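Colleague: 3D, please:
(chains A and B)
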Amino acid sequence: MERAFYPLVYFLIFPGFLFTSIIGLLASWVDRKVTARVQWRVGPPWYQPFVDILKLMGKETIVPAGHKASFFLLAPLLGLIGVTLVSTILWVLNLNPGSSFVGDLVVILYLFTLPSLAVIIGGAASKNPLGALGASREMKLVLGYELPFLIAIFTVVVKIGSILFQDILGFQQINGIMLRHPSGIIAFVVAIICTQAKLTMVPFDIPEAEQEILSGPFVEYSGAPLAVYKLTRAMMLFTLPVFLITVFWGGLQFSGWDLLWTVLKYVALLVIIILIKNTNPRLRIDQAMRFLWGPVTVLAILGMVLAVVGL
Amino acid sequence: MSQIVPIGPYHPLLEEPEFFTLKVEGERVVDMDVRIGYNHRGIEKLAESKTWDQDTFLVERVCGICSTSHPIAYVNAVEDLLELEIPERAKYIRSVVAEMERLHSHLLWVGLAGHFIGYNTIFMWAWKYREPVLEIFERITGNRNHYAMIRIGGVRKDILKEDIPDFLKAMDELAKKNEMLTKAVIDDPVLHARLKGVGVLSKKDAVEYGVLGPTARGSGYDIDVRRDAPYAAYDLVDWQVITFQEGDVFAKAAVRLLENAESIKIIKQCLERLKELPEGDFFVPVEEIPVGEGIGHGEAPRGEVFHYVRSDGSNCPIRHKIRAPTFQNLPSFKASCIGETIADVALITAAIDPCYCCTERMVAVDVDSGKRLFNGQDLVRLCQEKTERIRDKMKG
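Modeller: Numbering: from 1, shown residues only, chains lettered A, B, ... in the order given. Just a heads-up that it's a prediction; the model follows:
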């Protein structure tokens, strides 16, 4: 009984669904507020993202006529489950690094692609030319950023010699954070660029480009499924920076002043992402691919080489 | 396999209703068509039922953004009919209002262009810089848009001496901000990647499609009504026509941003002259419009505006013909958009700074078959038949 109960609490309440969505929505408020201030606007009050989700939950769910509702409605849930699992695993490991749970990077990296996969399935299932176009753009973008992202993350693996989170956290506690090494810094920069693409934020908001294809995959979505997508996006905004902090920046600490330091690390990363978003125009998909497979991948390989050499 | 991607009739990108159909293969556009006519208001016909004075304010409603270039072209046409010379002060005031309008229109476009490429920070900043221009408009004319500043024979209101120092100060501040914005656009490598070589309209195509305004000047087609057929005070002040040779979206953006600097230059010179000229002499009263016809041009922010009026000596024109610049600029998408990607098409069509409500024309279509009822030849035939009928009547 107890063995089944605890994982369920972890998954649904803390640090899983409820906790991640609350912090994620607050993060999306920070996004909106900072964006507004950069653009000389006032910005919404802190509860606005919560109200938005609540409102969408109460709206009618319309399934476009003439195709399978199952794919259309299950796709958003797939993404939500993926991001919740990632968040749960990351937090359980950060809260007690010595726990018996064996989680490795590969699991997390797989789960992180679920939200993108959900967008692709949903967009393709919406039977709308704009949705299909958005899905195809998302697919290309995934191909684009996964390569440098994996190289950047595996730079850390090479440096530490293990793909287990316990080892990565333990190594950083003893030998100092990854950002002390040149290879770590390069990999971190590459990972931030890929994070921008994973979050589909400007300059990589190509799949949903509302000025070109009317928010692409989401064009036919309404009501609760749309809310789930928005929630997934907000949770990614929380989970991805936490992942980067865990891998590169010594993980999360919760005792005394370290708690404040942890919060500051997260907010700093968030603001960097938001500022990149607000000081760039959107790229075209071919330009984005060229950028991600060109300079970014070269940079990532450079970081990897440095790590192999031992820097 | 090709697919049809619609842009419009109601699309968040476009502030007006119009309908582009893009025939795409993957991301590439292989053919494109446009349908307008969602916003037809029959202003030319309406103008025939209103008096000469009322028409000045009616034609302002043709366009919300270039709302002073239409009255200027209209009064130019009427003054051409009257062979009237307006006071010097009125000329300067007309130029000031027209250039202020160019400033706010170009800033608005820069903001929208930023929005189209997902660069919302530029959008908000450009519109913030536009705000002081509108405030000055409110101060000198009483309105932020639709200034109602022009009348036949001069202008409706004077620009007062006490307003001029603040006005000049605001222009100096705007000049700095515009320079900053120009640099931000011209030096940004990501914007280069996004705008350069996109939607190239060659000079040959520009001439063949007869494009106007910044669209033409961005393609190296050096035309500007302000210089070529001067009206208002444009031959009395020192300024330059900006042209670029590339013909891409970047060139069009650069033309507009540098034109802003020229506009500020013109406004400052006009204001300096207004300080010296005696106040109060800003119109000549016009009692009657004789029989005749007149044409008038004006360089709107989007290109040349053309007005034609004909009078039979009554208090209304019997024919009023308007041609707005977008009518000429819009079809050039056939030359500039095909072969580009969807991501760029929205931007390229926006780069001509389209104003669809100015462009609306009426087309009679048979609803059942979807066929056009009157083509050019039909209209010529109808016209000849009417002449025949009149001739018969006169005989009989």
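
Colleague: contacts only, for B:L195.
Modeller: By Cβ atoms under 8 Å, 6 or more residues apart in numbering or on different chains, the residues touching B:L195 are B:I117, B:D248, B:V249, B:F250, B:A253, B:L347. (Glycine included, C-beta is placed from N, CA and C.)

Colleague: what about burial for those, which qualify?
Modeller: The neighbour count (16 or more other Cβ atoms under 10 Å in any protein chain shown) marks B:I117, B:D248, B:V249, B:F250, B:A253, B:L347 as buried among the contacts of B:L195.

Colleague: any idea how many residues pack against the residue of the stretch 1-150 of chain B found nearest chain A?
Modeller: Residue of the stretch 1-150 of chain B nearest chain A, by Cβ to the nearest Cβ: B:G118 (3.1 Å). Using other Cβ atoms under 10 Å in any protein chain shown, B:G118 is surrounded by 26 other residues.

Colleague: contacting residues around it?
Modeller: If you count contacts by Cβ under 8 Å, 6+ apart, B:G118 has them with A:V202, A:P203, A:D205, A:A209, A:Q211, A:P281, A:R282.

Colleague: which parts of the stretch 151-300 of chain A sit against chain B?
Modeller: Contact residues (Cβ under 8 Å from any Cβ of the partner chain) of the stretch 151-300 of chain A with chain B: A:202-203, A:205-206, A:209-214, A:278-287.

Colleague: thinking again about what came up before, of all the buried ones among the contacts of B:L195, which comes closest to chain A?
Modeller: When those are compared for distance to chain A (Cβ to the nearest Cβ), B:I117 comes out closest, at 4.2 Å.

Colleague: tell me the spacing between the residue of chain A found nearest chain B and A:E208.
Modeller: Per Cβ to the nearest Cβ, A:R282 is where chain A lies closest to chain B, at 3.1 Å. In this view, A:R282 and A:E208 are 10 Å apart by Cβ to Cβ, to the nearest Å.

Colleague: repeat that for B:A261.
Modeller: B:A261 is 36 Å from A:E208, where distance means Cβ to Cβ.

Colleague: burial count for the nearest residue to A:F149 once chain neighbours are set aside?
Modeller: With sequence-adjacent residues excluded and distances taken as Cβ to Cβ, 6 or more residues apart in numbering or on different chains, A:F149 is closest to A:C194, at 3.9 Å. Counted with other Cβ under 10 Å, the neighbours of A:C194 add up to 26.

Colleague: with A:D31 instead?
Modeller: Neighbours of A:D31 under the rule other Cβ under 10 Å: 23.

Colleague: so A:V83 sits right up against A:R233, yeah?
Modeller: No - counting by Cβ atoms under 8 Å, A:V83 does not reach A:R233; the two are 9.0 Å apart.

Colleague: between those two, tell me which one has more neighbours.
Modeller: Legend: neighbour count by other Cβ under 10 Å for A:V83 and A:R233, higher for A:V83 (30 against 21).

Colleague: not counting its neighbours along the chain, what's nearest the more buried one?
Modeller: Of all residues not flanking A:V83 in the chain, A:M235 sits nearest, at 4.6 Å (Cβ to Cβ, 6+ apart).

Colleague: what about that neighbour, neighbour count?
Modeller: Neighbour count of A:M235, defined by other Cβ under 10 Å: 28.

Colleague: likewise for the one 10 residues further on?
Modeller: Number of residues near A:I245 (other Cβ under 10 Å) recorded here: 20.

Colleague: let me know the pLDDT of it.
Modeller: On pLDDT, A:I245 comes in at 88.

Colleague: nearest residue to it in space, please, no chain neighbours.
Modeller: Closest to A:I245 by Cβ to Cβ, 6+ apart is A:K265, at 5.4 Å.

Colleague: just to revisit the earlier point, can you tell me the helix or strand for the residue nearest to A:V83?
Modeller: A:M235 is part of helix A:223-248, with elements assigned from DSSP states H and E.

Colleague: what of B:I223?
Modeller: Using DSSP H and E, no helix or strand contains B:I223.

Colleague: report the contact partners of B:W125.
Modeller: Contact partners of B:W125, counting by Cβ under 8 Å, 6+ apart, are A:Q39, A:W40, B:G111, B:L181.
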